[in-house]
Structure formats: structure tokens, C-alpha cells
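Asks: Got a sequence here, can you model it:
(one chain, ligands or ions: 2)
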Amino acid sequence: MPPYAVCCDAVFLDTQLHLSYTYPIKKRVVSAPVNTAEILEEDFRFIFFRAEEDMRIVSDIPSPEDCTTLIFEFSGHEVEPKIAAELWPRILQHKWVLSEKLGRDVGSKVACVDFIENVEPVNRDLHDAERIQLLKELGAQMVDQSVWETISESQPPKQIVNKRIILPLTEIELARKHAVIPPRTIIFFGPPGTGKTHFVRAIAGILQWWYVEVSPSNLVADGEDRLGANLKRLMEKARNLDEAVLFIDEFEEIAGSRDHASRIDKSITNEFLKQVPLLKREDKKNLLVCATNYIRQLDAALLRPGRFDCIIPVGGLDDQGRRTIFEHYLSNTSRGDVDVDKIVSVISLFTPADIEYLFQKVRQVAFEREYLKGEDYRVTTETFLEMIPIVPATLTGEIIEEFQQDCAHYTRY
Ligand SMILES: Nc1ncnc2c1ncn2[C@@H]1O[C@H](COP(=O)(O)OP(=O)(O)OP(=O)(O)O)[C@@H](O)[C@H]1O
Ligand SMILES: [Mg+2]
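Replies: Ligands and ions are numbered 1, 2, ... in the order given. Below is the predicted model:
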């Protein structure tokens, strides 16, 4: 190990505690007590200091996407993830400089605003300002690109989503040559916990578009009778979104069949029917994705071609799909010998949500056993086999049969 470490891009003093320096080094923020972290050389971008044993990792440096979200939340400025990842350490450095100058700890938000407004001014016109205001109002987030990789190639409907949605939006010239029009409006349907929301986040992540999630419960926060008006306002705002995925969950709540609806419910479905073509008419890069567990309850007029470009089922997992998700959670579990093949074959009716819950149970039991015995406890095949019977599988023969009928009847892409 070299006698010194190089800290790039930023350093800030924890002025509140006056106990330690914290430095971003590569992907980690480390802390070292002031008296032992002897700084050898320092300039604007680099700090060389003696590496001491009592240096601690304090946190990870946020991912580029998180840097975008942080800068956006703090300053209202929208910055590409790559640039945000470069700016963020400099903002931390600015925080230190400001804290030193003012003789008090300056928060990250203040440092971020000051940096963006005064040190590295970002030009924005009125149009930009309005767009940023809109994204803020809608609680837009930037999702990590890696979410897409957590879904195995064999997990339906990844390949459909890739071919029908992602590629036409990214291979623009080729799509134009073959007159392929990327979809603007999509419905995902399928049993609970199968990964509908996860897919929508993954799409936003891989496209690096803003992710905006709305559920009918948000739209009635100020009273049930406000649903129609709030929906109309939301859709009007959504028309101006660019490079964004608007996700409406529990879609049956706002687009239920008018045959069995009350007068108020009918007017809400009518409003939505009116709004979808208006959204599609705008020449913007945005997607409206709606998800439901109850496709049969949706109004027939919405399901006919014209309003929604794709109706895509999200169903059970095959062996490979279950294995990918299982291994994803296993990698963050304190594990011993685990026969993955065996477990994956026993949980054939598990959804991703069930697998996640199984891991929650297994990790809790490992924690309790180690606490009680005071000895290292590692999760093994036996631990899983013990816990599986107490995690009920969401899918049943009946649910699968109904879903297959729905697939045959409604799927369109
Ligand atoms: N491919 C995957 N890899 C890892 N985790 C996944 C994957 N797919 C889904 N999950 C996780 O499984 C859980 C359930 O997924 P999700 O919430 O997307 O299901 P859903 O179909 O939207 O459920 P609901 O119908 O209840 O809204 C989530 O915590 C999600 O993060
Ligand atoms: Mg969901």
C-alpha cells in the first residue's frame, strides 16, 4: 500500500463536528481524523494525504443517476448523469470552501445552488425553467440504468419491451427507414408482484428518461370528488413532458369499464379516453405506461387499437428468470452453501415479489440466530427449505389459467 492516497476532485471539512476530514476517493467517501490525516500536498483538484489505518469508509459516492437527481432536487437544474457525476464532487468541494469562508457548516443544498448559480452558471431559458418546475411538481426521478440488467433476457416480457419499445426509440434512423413508429402509450397487465412497476422503472432507466409515477390514490389526496379534475390536470401537464415516462399504476381505478360504473366513475373514464389522443398528438419524447392486475375491468374502448399502442402481459417467471432474481438477492445475503438449482425448482410459482419476501424472511432468521447464539450464521439451502413453506406463492393454477386467457384475449404489440 502506498504511503499516501490521492483524493480527486473534492474535499470537505466536516465543520459541524470538527473531528474528521471526509474525502471522496474513487467511488467511496472516506473519513480520517484531522490529526492523523496529514495533508501532504493540495491543489484545486487533488489532495495527497497520508493513508492512516483509522480511515473509515463513510459512504459510497452516488451513482451518476443519483447525482442528477441530487442536483435536480437541490437546484432545479437538469444535468445529464455523466456531467452530474463530474459536478457532484466539485459541489462537495464548494461546500467545504463555503464552510471555511463563512466559518459554519454549509448544507449540501446551499452549496449546490450557489455552485450552479454562481460558480458554474448553467444557462436556462424560460422554457427550461417551466419544464423543470413541471418535473419537480410531478416528483420526477432518474432511475439507474443498471435496473434493466436485473431482468434476465428470458423474463417475459423483456424481449418484447426491448424490440418494440427500447430499440425503436434508440435506433431512430433504422426505425425511420422501416417506418416503425415507436409506441407512445402502453398497458402492462398481469398478476400482483410479477414486476410491472420494475419493468417501467427499468425502461426509464435504460432510456435515461425521467420517471414519474402516479397512482389514483395520489389523485384523490384532496378528496374523492377531485379525481376527475386532478386527472385532467395531470394529463395536461404530461403533454409537455419531454424524455419522460409517466407511469399510472392501478389503472383500473381510473379507466374501469363504463358498463358497471357509477356516473362519476364514467366521467373519469370518459376524461381519460379524451386525454390519451391529446397526449399522443404532441411531438414529444414521452411514454405513458399504465399497469393493472385486472385487465378485464378496463373499459373496452380503451383497449381497442388507437388509444394504446401496446398491451403487454407480465406473467410468471421461467427457471432462468427466477434464477436471475434469486441470485440478485443472494449476492446481498450473508450466505454459506446454497444449492441454487434446487431452490429455484422448488419455487416455481413464486413471483419476483415472493422471492424478495423469501429473502426478507431468510435474512431475518439468520440475523436472529446469530444474535441468539453469538456465532457466525450463514444462510444455506436448509435455511431456504425451512422458510419456503411459510412464504405462500402468489401464483396458483387458477391464476395462471386466467392470465393465459387474458394473454390470448388482450395482448397486442
Ligand atoms: N427482475 C427483477 N429483479 C429483481 N427484483 C425484481 C425483478 N422484478 C421485480 N422485482 C422486485 O419484485 C418486487 C415486485 O415487483 P413489482 O412491484 O414491479 O411488481 P408489480 O407487478 O408492479 O406488482 P403489483 O401488481 O403489486 O403492483 C419489487 O420489489 C421489485 O423490485
Ligand atoms: Mg406495481
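Asks: Confidence-wise, which helix or strand of this protein is lowest on average?
Replies: One helix or strand of the chain scores below all others by mean pLDDT, DSSP states H and E: strand 12-13, with a mean of 37.
Asks: need the residues of this protein near ligand 1, please.
Replies: Residues of the chain lying close to ligand 1 (Cβ under 6 Å from any ligand atom) are 150-151, 155, 192-198, 293, 325, 328, 352-353, 356. (Glycine included, C-beta is placed from N, CA and C.)
Asks: Also within reach of ligand 2: list those from those.
Replies: Near ligand 2, taking Cβ under 5 Å from the ion as the test, the members of the residues of the chain next to ligand 1 found are K196, T197.
Asks: Among the residues of the chain next to ligand 1, which are located in helices?
Replies: Judged by DSSP state H, the residues of the chain next to ligand 1 include K196, T197, H198, I325, H328, P352, A353, E356 as members of helices.
Asks: and which of these is nearest to ligand 2?
Replies: Of all these, ligand 2 sits closest to T197, with 3.3 Å by Cβ to the ion.
Asks: neighbours of R281, just the number please.
Replies: When neighbours are counted by other Cβ atoms under 10 Å, R281 registers 10.
Asks: Which pLDDT value belongs to it?
Replies: We have a pLDDT of 86 for R281.
Asks: okay, and for the protein, where does confidence drop off?
Replies: 1-60, 121-129, 257-258, 261-264 (pLDDT under 70).
Asks: ok, so what distance separates P191 from V346?
Replies: Between P191 and V346 the distance is 20 Å, computed by Cβ to Cβ, to the nearest Å.
Asks: Kindly report the same for R131.
Replies: 50 Å.
Asks: go on, P182?
Replies: 40 Å.
Asks: do the same with P389
Replies: Distance, P389 to V346, using Cβ to Cβ: 10 Å.
Asks: Ok, T197 next?
Replies: Taking Cβ to Cβ, one finds T197 at 26 Å from V346.
Asks: Which one's more surrounded, those two?
Replies: T197 (18 against 14).
Asks: Run through the strands of the chain in chain order.
Replies: With DSSP state E as the criterion, the chain has strands at 4-8, 12-13, 20-25, 28-33, 39-42, 46-50, 56-60, 141-142, 185-189, 210-214, 244-248, 286-292, 310-313.
Asks: ok, now how distant is the closest residue to F350 other than its chain neighbours from ligand 1?
Replies: Counting by Cβ to Cβ, 6 or more residues apart in numbering, F350 lies nearest to A393, which is 5.2 Å off, once chain neighbours are set aside. A393 sits 14 Å away from ligand 1, going by Cβ to the nearest ligand atom, to the nearest Å.
Asks: Can you get me a residue count around A393?
Replies: Look at A393: counted by other Cβ under 10 Å, it has 15 neighbours.
Asks: OK, contacts around it?
Replies: Residues near A393 by Cβ atoms under 8 Å, 6 or more residues apart in numbering: I347, L349, F350, T351, D354.
Asks: what's the closest non-adjacent residue to F272?
Replies: Nearest one to F272, counting by Cβ to Cβ, 6+ apart, is A255 at 5.2 Å.
Asks: Over to the one you found: give its phi and psi.
Replies: phi -140, psi 40 (degrees, to the nearest 10).
Asks: can I see the domain layout of the chain?
Replies: Using automatic domain parsing, the domains assigned to the chain come out as 4-60, 64-123, 141-315, 319-394.
Asks: For E401, find the nearest of the ones you listed.
Replies: E401 sits nearest to domain 141-315 of all these, at 11.4 Å, using Cβ to Cβ.
Asks: Can you give me the end-to-end span of the closest one?
Replies: With Cα to Cα, to the nearest Å as the measure, the first residue of domain 141-315 is 26 Å from its last.
Asks: now swap in stretch 298-315 and tell me
Replies: End to end - Cα to Cα - stretch 298-315 spans 18 Å.
Asks: Figure out how far stretch 61-77 is from the centre of its chain.
Replies: Mean-position distance between stretch 61-77 and its chain equals 14 Å (Cα atoms, centre = their mean, to the nearest Å).
Asks: Please point out which parts of it sit buried.
Replies: 61-72, 74-77 (16 or more other Cβ atoms under 10 Å).
Asks: quick revisit: going through the ones in helices among the residues of the chain next to ligand 1, which ones are buried?
Replies: By 16+ other Cβ under 10 Å, those give K196, T197, H198, I325, H328, P352, A353 as buried.
Asks: Same list, those residues, but as a markdown table with distance to F367 please.
Replies: Formatted as a markdown table, these follow (distance: Cβ to Cβ, whole Å):
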| residue | distance to F367 |
| --- | --- |
| K196 | 31 |
| T197 | 27 |
| H198 | 26 |
| I325 | 22 |
| H328 | 20 |
| P352 | 23 |
| A353 | 21 |
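Asks: Now for those residues: which two are most distant?
Replies: K196 and H328 (17.6 Å).
Asks: nearest residue to the residue positioned nearest the centre of the chain other than its sequence neighbours?
Replies: The centre of the chain sits closest to V143, judged by Cα atoms, centre = their mean, with a distance of 4.0 Å. Take V143 and drop its neighbours on the chain: the residue closest to it by Cβ to Cβ, 6+ apart is G205, 3.7 Å away.
Asks: pretty sure the one you found is in contact with S146, am I right?
Replies: Yes - the criterion here is Cβ atoms under 8 Å, and G205 meets it with S146 at 7.3 Å.
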